[in-house]
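Colleague: Structure for this input, please:
(2 chains)
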Protein chains: 2
Amino acid sequence: MDKTFIFGHKNPDTDSICSAMALANLRSKLGEEVEATRLGELNKETEYAFKTFNIKAPRLLEKVEPGTNVIMVDHNEFSQSVDGIEDANIKMLVDHHKISNFKTKEPVFMHSEPVGCTGTILYKLYNQNNVDIDKESASLMLSAIASDTLLFKSPTCTPDDIKAARELEKIAGVNLEEYGMNLLKAGTNLDDVSEKDLINMDAKEFNIKGKKVVIAQVNTVDINDVMKRQEGIEAEINKAIKDNNLDLFLFAATDIINGNSELLALGNSADAIEKTYKLENHRAFAEGLVSRKKQFLPLVENNL
Amino acid sequence: MDKTFIFGHKNPDTDSICSAMALANLRSKLGEEVEATRLGELNKETEYAFKTFNIKAPRLLEKVEPGTNVIMVDHNEFSQSVDGIEDANIKMLVDHHKISNFKTKEPVFMHSEPVGCTGTILYKLYNQNNVDIDKESASLMLSAIASDTLLFKSPTCTPDDIKAARELEKIAGVNLEEYGMNLLKAGTNLDDVSEKDLINMDAKEFNIKGKKVVIAQVNTVDINDVMKRQEGIEAEINKAIKDNNLDLFLFAATDIINGNSELLALGNSADAIEKTYKLENHRAFAEGLVSRKKQFLPLVENNL
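Modeller: Numbering: from 1, shown residues only, chains lettered A, B, ... in the order given. All right, here's what the predicted structure looks like:
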């Protein structure tokens, strides 16, 4: 049988990279020929995780040929997936996002749960398959959970995420609080990131009520540190809107210490955000909002 | 929290009814308020199972109001689901069919596997949740597996189905070969079934390449016993085609003893079947074909 490629979404975050690798380790141990891949560059947070645990990054996958065997993790929307996904042979899906017009040609193994992180579901799959979790896989899943749940502070975090992380912490041999805070902080060092990379580093595209919407997010320990670059960020966002015919680009700078976000909304449909937050200079402070999935996306869906 | 309704597809077969009930038993034991329901009348096979194990049939669910909490089993296509499904609050899905444009408003628990029967996945869910399987639930899941896999003879049957059935057989306290054959035969006693009910008793609607297609199946121990009623069956099929603007109605009478089917194809797109089987008097003998999911549906998809 042909090798199966495993990958998370484009503009990969730590969960997308680490869950693809943890699942590849699991499937390999079950005797399958698989390869974890990535659909974009590693961000600084993931780089910190790989450096800490001495893990080698997976190969970049540009596109897939028709009929290629693939496994999707941490996403199910084709618009966020590899080029060519429509004609690929999807064999499995492991995800924690809402399902958006997902379809397969054959019955497949599909495991989705409303938990904070794909890594948490993978932890369960290791247990369900009675496969021991090696140290590297534990480090991968732990990093994913610390990242996606903002160290349990995100509203997406569930008791299952905490339980998995506490078990994985022991196998990985690190102190979760200390490692997790360093991991999150590593992702917030944006000084040498260009404005173009800033708006693309964790951006996801959605089709909402016929509108093309991008919601991008960066984590920071100081919102002003990001927003002092507003002019350059806006220029890149306006370029992206023009190049990709977007109706709305919502950029969120999220303060991971205090759990708030500054929103920057541009595009013809930006006024939709005003139903909830008054925009001044295209910006609004969103107290208590940190989660794209649970907060920013519903905000856009309800107002658009 | 409001009660959650659990149901399989319209024109329910034994798997749709029994899996809804077995899952309701599981969720109840986990402390949730749920009710198994059905989206149509019981067929004779399911009636035999309920009589054998002294089980009471679930309530008929006609439609659901917007926001109703629901769990779907044994189907994921909205066209096969309860009226109002588009605006319901889907909380969970357990299925073994290919995924067709399924979507949810929120992240949900979704467990789909390429096995022969939803009952087999439920058996795994009981184990994953460390819940003991009571005799009634075992009887329900066992009946579903015997039915959907045609007692392991269907090409959809997997080693997981056989393993689950052998474990459930012990708890249910029956001989699987004897009970299963009686179950399948009970479903084939079609003498007092009207032609209208015959074409509707296990019919599923699909949207394939923009065409409206119904594939209906009846099990029998003697194909001639069904096909001697061809004239009346064709009249009802033609009425269904007219009333529902169907492009193709494929009716299969499946010989469960020998594992073959007689096909009857009507509608403007019926000639598509001729790419594989020469139709005479609208009919063709399809040697070795017994499975809608694995054989009839791909036949239509490939030829349409």
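Colleague: Give me every residue in the stretch 201-304 of chain A lying close to chain B.
Modeller: Residues of the stretch 201-304 of chain A found near chain B (Cβ under 8 Å from any Cβ of the partner chain) are A:Lys293. (Each C-beta comes from the backbone N, C-alpha and C, glycine too.)
Colleague: Which single residue in the stretch 201-304 of chain A comes nearest to chain B?
Modeller: A:Lys293 (7.0 Å; Cβ to the nearest Cβ).
Colleague: Quick check: A:Asp134 touching A:Ala22?
Modeller: No: with contact defined as Cβ atoms under 8 Å, A:Asp134 does not count as touching A:Ala22 (9.7 Å).
Colleague: in the stretch 1-150 of chain A, which spans are helices?
Modeller: For the stretch 1-150 of chain A, applying DSSP state H, counting those that start in this stretch gives helices covering A:14-29, A:44-53, A:118-128, A:135-148.
Colleague: rewinding a little: ok but the residue of the stretch 201-304 of chain A closest to chain B is inside a helix, no?
Modeller: Yes: going by DSSP: H, G, I helix; E, B strand; the rest coil, the assignment for A:Lys293 places it inside a helix.
Colleague: Contacts only, for it.
Modeller: By Cβ atoms under 8 Å, 6 or more residues apart in numbering or on different chains, the contact set of A:Lys293 is A:97-98, A:156, B:107.
Colleague: One more pass at 6 Å, please.
Modeller: A:Thr156 (Cβ atoms under 6 Å, 6 or more residues apart in numbering or on different chains).
Colleague: likewise A:Val290?
Modeller: A:154, A:254, A:259.
Colleague: what's the first-to-last distance across stretch A:124-132?
Modeller: Stretch A:124-132 stretches 11 Å from its first residue to its last (Cα to Cα, to the nearest Å).
Colleague: Report the buried residues of it.
Modeller: Neighbour counts using 16 or more other Cβ atoms under 10 Å in any protein chain shown place A:124-126 of stretch A:124-132 among the buried residues.
Colleague: Which one's more surrounded, A:Asp134 and A:Ala22?
Modeller: Neighbour totals were compared for A:Asp134 and A:Ala22, and A:Ala22 leads with 32 against 15 (other Cβ atoms under 10 Å in any protein chain shown).
Colleague: mind listing what that one touches?
Modeller: A:122, A:137, A:140-141.
Colleague: quick one: the residue lying closest to A:Ser16 once chain neighbours are set aside from chain B, how far?
Modeller: The shortest distance from A:Ser16 to any non-neighbouring residue, by Cβ to Cβ, 6 or more residues apart in numbering or on different chains, is to A:Gly8 (2.4 Å). The spacing between A:Gly8 and chain B, counted by Cβ to the nearest Cβ, to the nearest Å, is 16 Å.
Colleague: neighbours of A:Lys242, just the number please.
Modeller: Neighbours around A:Lys242, by other Cβ under 10 Å: 10.
Colleague: helices or strands up against the helix or strand hosting it?
Modeller: Using DSSP states H and E, A:Lys242 sits within helix A:230-244. In terms of contacts (3 or more Cβ pairs under 6 Å, 6 or more residues apart in numbering or on different chains; DSSP states H and E), helix A:230-244 is packed against helix A:195-200.
Colleague: now the helix or strand following the helix it packs on and helix A:230-244, what's the angle there?
Modeller: Remark: after helix A:195-200, the chain's next helix or strand is strand A:203-208, criterion DSSP H and E. Per axes from the mean of the first three to the mean of the last three Cα atoms, to 10 degrees, the angle that strand A:203-208 makes with helix A:230-244 is 50 degrees.
Colleague: Parallel or antiparallel, list what pairs with strand A:203-208.
Modeller: As defined by DSSP bridges, the strand partners of strand A:203-208 come to strand A:211-220 (antiparallel).
Colleague: next SSE after the partner strand?
Modeller: Counting by DSSP H and E, what follows strand A:211-220 is helix A:223-227.
Colleague: Contacts for that next one, please.
Modeller: Under the contact criterion Cβ under 6 Å, 6+ apart, helix A:223-227 has outside partners A:220, A:253, A:255, A:262.
Colleague: out of the residues you listed, which one sits closest to B:Leu30?
Modeller: Of all those, B:Leu30 sits closest to A:Asp255, with 37.5 Å by Cβ to Cβ.
Colleague: out of everything not next to it in sequence, what's closest to the closest one?
Modeller: Nearest to A:Asp255 is A:Ile223, by Cβ to Cβ, 6+ apart, at 5.2 Å.
Colleague: Relative to B:Ser269, which of the contacts of helix A:223-227 is nearest.
Modeller: When those are compared for distance to B:Ser269 (Cβ to Cβ), A:Ala253 comes out closest, at 54.7 Å.
Colleague: what's near enough to touch A:Val82?
Modeller: Counting by Cβ under 6 Å, 6+ apart, A:Val82 touches A:39, A:61, A:64.
Colleague: now the first one: how far from chain B?
Modeller: According to Cβ to the nearest Cβ, A:Leu39 and chain B sit 21 Å apart.
Colleague: Quick check on the residue nearest to A:Asp222 when sequence neighbours are not counted: phi, psi?
Modeller: Using Cβ to Cβ, 6+ apart and skipping the chain neighbours, the partner closest in space to A:Asp222 is A:Asp255 (7.4 Å). Here is the backbone geometry of A:Asp255 (degrees, to the nearest 10): phi -80, psi 100.
Colleague: Could you give the bridge partners of A:Asp255?
Modeller: When assigned by DSSP bridges, A:Asp255 has beta-bridge partners A:Thr220, A:Asn260.
Colleague: Neighbours of it, how many?
Modeller: Neighbour count of A:Asp255, defined by other Cβ under 10 Å: 19.
Colleague: CSV please, covering the contacts of helix A:223-227 and showing pLDDT.
Modeller: Shown next, in CSV, are the contacts of helix A:223-227 (pLDDT from 0 to 100):
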residue, pLDDT
A:Thr220, 91
A:Ala253, 96
A:Asp255, 92
A:Glu262, 96
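Colleague: Looking at those residues, spot the one nearest A:Ser81.
Modeller: A:Ala253 (26.5 Å).
Colleague: My guess is that closest one contacts A:Glu262. True?
Modeller: Yes: if you go by Cβ atoms under 6 Å, A:Ala253 and A:Glu262 touch, sitting 4.7 Å apart.
Colleague: More neighbours: the two, which one.
Modeller: A direct count of neighbours by other Cβ under 10 Å for A:Ala253 and A:Glu262 places A:Ala253 higher, at 27 against 20.
Colleague: how much space between the closest residue to that one other than its chain neighbours and A:Ile237?
Modeller: Excluding the flanking residues, the one nearest A:Ala253 by Cβ to Cβ, 6+ apart is A:Val226, at 4.1 Å. As judged by Cβ to Cβ, to the nearest Å, A:Val226 and A:Ile237 stand 13 Å apart.
Colleague: Kindly report the same for A:Met181.
Modeller: 30 Å.
Colleague: and stretch A:100-110, does that touch chain B?
Modeller: Yes: interface with chain B: stretch A:100-110 contributes A:100-104, A:106-110 (Cβ under 6 Å from any Cβ of the partner chain).
Colleague: Low-confidence ranges, chain A, go.
Modeller: A:1 (pLDDT under 70).
Colleague: domain assignment for it?
Modeller: A:4-186, A:195-303 (automatic domain parsing).
Colleague: Among those, show me which one is buried the most.
Modeller: domain A:4-186 (a mean of 21; mean count of other Cβ atoms under 10 Å in any protein chain shown).
Colleague: OK, contacts around A:Gly232?
Modeller: Contact analysis of A:Gly232 by Cβ under 6 Å, 6+ apart lists A:Glu195.
Colleague: Could you tell me which residues of the stretch 51-200 of chain A lie near chain B?
Modeller: A:96-104, A:106-114, A:128.
Colleague: In strands only, show me those residues.
Modeller: Mapping those onto strands (DSSP state E) picks out A:109-112.
Colleague: In a markdown table, list the residues you listed along with distance to B:Leu304.
Modeller: Formatted as a markdown table, those follow (distance: Cβ to Cβ, whole Å):
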| residue | distance to B:Leu304 |
| --- | --- |
| A:Phe109 | 27 |
| A:Met110 | 26 |
| A:His111 | 31 |
| A:Ser112 | 30 |
